Structure formats: structure tokens, C-alpha cells
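K.L.:
would you be able to build a 3D model of this:
(one chain, ligands or ions: 1)
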Amino acid sequence: MNSTNLVNVGMSFPMSYRISVDKAIGITTTIPIEIVYAAGYTPIDLNNIFICNDGPDALVDYAELKGLPRNTCAWVKGIYAATKKTGIKKIIGVIQGDCSNNHALLEFFQTEGIDVIPFSYPHDRDKDFLHKQLVSLAKILEINLDKAHHMKLTLDKVRKTVHEIDRLTWEDNKVTGEENHIWNVSTSDLMGDYGFFEKKAIEFLEEVKARPRLDYETRLGYIGVPPICSDLYSFLDGLGVHVVFNEVQRQFSMPYKTHTLTDQYIRYTYPFDILYHIDDIKKELEKRKIDGIIHYVQSFCHRQIYDRLIRKYIDIPILTLDCDRPGQLSGSMRTRIEAFAEMLKNIR
Ligand code: SF4
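P.N.:
Down below sits the predicted model:
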């Protein structure tokens with residue numbers, strides 16, 4: 001394999017990852033990329049490489065052929081295949097604050113000669129613990145944490161462009177739910193090139209400002225991990241449903257103003273308990289005037305259990321959608337979404 005690999009990313013705007021394998025560090029979930037960039041490496045979110053591939057379903061097949069069980073989350077299998085296909089040799093793996101499937105995958109990688117650097121989010125959101133983890137990661141990548149703090153100031157400015165894209169989605173109705181999803185989800189690694197990412201985001205903002213307001217009948221929130229199915233947003237759009245809140249994707253963009261890396265990653269809700277998520281979700285539901293929620297759950301994911309608590313603490317209509325592999329929505333999923341959208345319109 002060449003040391004430089006080009007991975008094209010299609011979706012609704014053209015982008016590409018230019019991966020220099022020697023400098024790439026794969027990530028399986030959001031970690032403090034400020035440290036990675038400051039150390040001169042390129043963070044590559046393996047989820048994005050997987051789902052933006054021309055044939056993500058074939059990548060899941062590949063992982064199953066290599067021995068990953070059929071009844072395991074397809075995101076995990078996609079991460080495995082994306083790592084093998086890109087030839088990435090170093091990964092930062094979250095061993096506390098992500099999921100046991102990914103934890104087992106990291107052990108799988110270690111047996112295949114991939115260097116795994118561990119990172120933990122503290123279960124009890126203890127700031128001292130998290131600070132020590134940041135120091136430790138910086139030390140492993142041979143930099144001082146001060147250098148990463150400096151990088152935070154640079155990335156804060158880049159992320160601000162995505163916060164504006166988010167605002168233009170729910171407040172000005174100028175950005176579609178799918179565009180919002182793509183820009184927010186891409187902030188997990190800033191496409192491996194934060195300068196290029198910022199340039200594309202600024203161009204997008206200019207284009208959007210000249211648009212008329214989009215006209216929709218219903219406002220929807222999307223919560224849960226990003227969808228593995230490819231046409232959920234376009235299908236909702238066709239039903240006149242505007243997705244004005246992408247919960248987890250927005251978290252990747254670090255939406256709160258913070259002054260230190262420790263504060264930034266303590267406020268980030270994804271690795272922490274569901275009640276912490278729910279606090280954030282409830283504030284946004286009110287602010288964004290949301291009529292109903294789709295709670296997306298990935299097949300074979302432990303997070304499915306949270307559906308019960310979400311229904312217990314959030315008092316607006318919720319549709320729970322379960323999806324297994326990449327591809328288009330099934331006929332029965334479409335019927336359920338149509339019925340839900342119709343119900344939301346009727347109770348408005
Ligand atoms: S969807 Fe669930 S099981 Fe799959 S990688 Fe994400 S947290 Fe883990």
C-alpha cells in the first residue's frame with residue numbers, strides 16, 4: 001500500500017481525505033483532536049471513512065468474512081474494514097466512555113499489529129481524572145498540553161463556522177437537516193485538514209446566506225448515534241419535515257464556549273450518562289421549537305436500552321427507529337416514518 005491514500009467522500013458536498021498513512025491516527029469516536037493536530041498527526045474518523053465509502057455494505061461483508069460476528073453492530077465492522085482498507089497503523093481507542101464492542105475491537109486490532117493508544121472519559125465526569133488523561137495522551141504523542149491548548153484556540157474558530165451552520169438550520173430555516181448532519185458529524189476529525197475544512201465551511205455559509213428560507217410543515221429532532229442508513233434525511237425532507245436538531249452530531253462540534261480543553265471535554269455529553277444527554281436535549285427541544293423526535297438506535301448497540309429513559313423524561317412524540325446495515329430505509333421503516341410525520345402535522 002502507498003503511504004498516501006486518497007479517500008473520496010461524496011454525500012452532498014465534494015470532499016476528500018488525503019491520508020498519509022505514516023501521519024494518520026485513526027479514531028473510533030470523538031477524542032481531543034487538538035492534541036493529535038498539535039502533535040503533527042492527522043486524526044481520521046474511521047466511522048466517516050466507512051460510511052462515506054462507495055460501498056459501505058461491502059465493508060461490513062468484508063469484516064464478517066474476517067471473523068467479526070453477524071450479530072455485532074455494523075458500525076464496529078465498518079470501522080474494522082475502514083482501518084484495514086486505508087492501512088492506518090495507529091489508533092486512539094476510547095476504553096471508557098464508548099462501548100464494549102469498540103473495546104473488544106481494539107484488542108482485535110492489537111493482535112493484528114495496530115498500535116492502540118488508550119484514552120478514557122471518566123464515568124463520573126471527574127475533571128481531575130479527565131485532565132490527567134489529556135496530559136497522558138499529550139505525553140504519548142510527545143507534546144506539552146500547552147501546545148494543544150493553543151491548537152484549541154485555532155479549532156474553536158473553525159468550529160464556530162459549524163455553529164453558525166447549525167443556527168442557520170433551526171433559526172433561519174436556510175440549511176437542510178441533512179446538510180446540518182453532514183457538517184456537524186464531520187467535526188469529529190475536521191476531515192483530517194482543519195484549514196481546508198474551514199475554507200469549505202465559509203464557502204458553504206456564503207452560499208446559504210443567499211438562499212430563500214426553506215418551507216417546511218414540521219420541525220423534528222434527531223437523537224441517538226448518527227444513522228447508518230443513507231436516505232433518512234432526504235426521505236424526511238420529501239415529507240415536509242425539517243430536522244432542526246441533530247443531537248450527537250452537534251455534540252461533535254463542541255457547541256459550548258469553554259476556556260480549557262478539560263472544560264470542553266467535560267461538557268461534551270456523548271461519553272457520559274444518558275441523563276446528562278437528556279438535560280441538553282430538553283433545552284434544545286424548547287429553544288428550537290421541536291414538534292417530535294426520532295430516536296435512532298443501532299441494532300446490537302447497548303444504547304437501545306436508553307430508549308426507555310428517553311421516553312420517561314422527554315414529553316413529546318417519539319419514534320424509535322432501529323437499523324442494522326448501511327443502505328436505504330426498508331419499506332416498513334418508510335411506512336412508520338410517514339405515519340409519524342402525518343401524526344405530527346395533525347397535532348400541530
Ligand atoms: S452504535 Fe453503539 S455498539 Fe455501535 S459503535 Fe456506536 S456505541 Fe458502539
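K.L.:
which non-adjacent residue is nearest Gln110?
P.N.:
Across the structure, with Cβ to Cβ, 6 or more residues apart in numbering as the measure, the residue nearest Gln110 apart from its sequence neighbours is Val116 (5.4 Å). Where C-beta positions appear, they are placed from N, C-alpha and C, glycine not excepted.
K.L.:
how near is that neighbour to Thr83?
P.N.:
Distance, Val116 to Thr83, using Cβ to Cβ, to the nearest Å: 11 Å.
K.L.:
more neighbours: which of the two?
P.N.:
Between Val116 and Thr83, counted using other Cβ atoms under 10 Å, Thr83 has the larger neighbour count: 24 against 18.
K.L.:
spell out which residues of the stretch 101-250 of the chain are next to the ligand.
P.N.:
Residues of the stretch 101-250 of the chain lying close to the ligand (Cβ under 6 Å from any ligand atom) are Asn101, Asn102, Val225.
K.L.:
okay, and which of those map to helices?
P.N.:
Secondary structure assignment by DSSP state H places Asn101, Asn102 of these in helices.
K.L.:
isn't Ile165 up against Glu203?
P.N.:
No. Assessed by Cβ atoms under 8 Å, Ile165 is found out of contact with Glu203, at 11.6 Å.
K.L.:
where does the most far-flung residue of the chain relative to its centre fall, phi/psi-wise?
P.N.:
In terms of distance from the mean C-alpha position of the chain, Asn346 ranks first, at 32.0 Å (Cα atoms, centre = their mean). Backbone geometry at Asn346, expressed as degrees, to the nearest 10, gives phi -70, psi -30.
K.L.:
low pLDDT regions in this structure?
P.N.:
Of all residues in the chain, those with pLDDT under 70 make up the ranges 1-16.
K.L.:
where do the strands sit along it?
P.N.:
In the chain, the segments counted as strands under DSSP state E are 4-9, 15-20, 24-27, 42-45, 90-96, 115-120, 218-223, 241-246, 292-298, 318-323.
K.L.:
can I get those strands in CSV including distance to Val175?
P.N.:
Formatted as CSV, the entries for the strands of the chain read as follows, by distance: least, Cβ to Cβ, whole Å:
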stretch, distance to Val175
strand 4-9, 19
strand 15-20, 17
strand 24-27, 26
strand 42-45, 21
strand 90-96, 30
strand 115-120, 32
strand 218-223, 13
strand 241-246, 9
strand 292-298, 18
strand 318-323, 22
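K.L.:
out of those strands, which gets nearest to Val185?
P.N.:
With distances scored as Cβ to Cβ, the stretch of the strands of the chain nearest to Val185 is strand 241-246 (7.7 Å).
K.L.:
the stretch 201-348 of the chain: helices as residue ranges?
P.N.:
Assignment of helices within the stretch 201-348 of the chain using DSSP state H, counting those that start in this stretch yields the ranges 232-238, 247-252, 261-267, 274-287, 306-313, 331-347.
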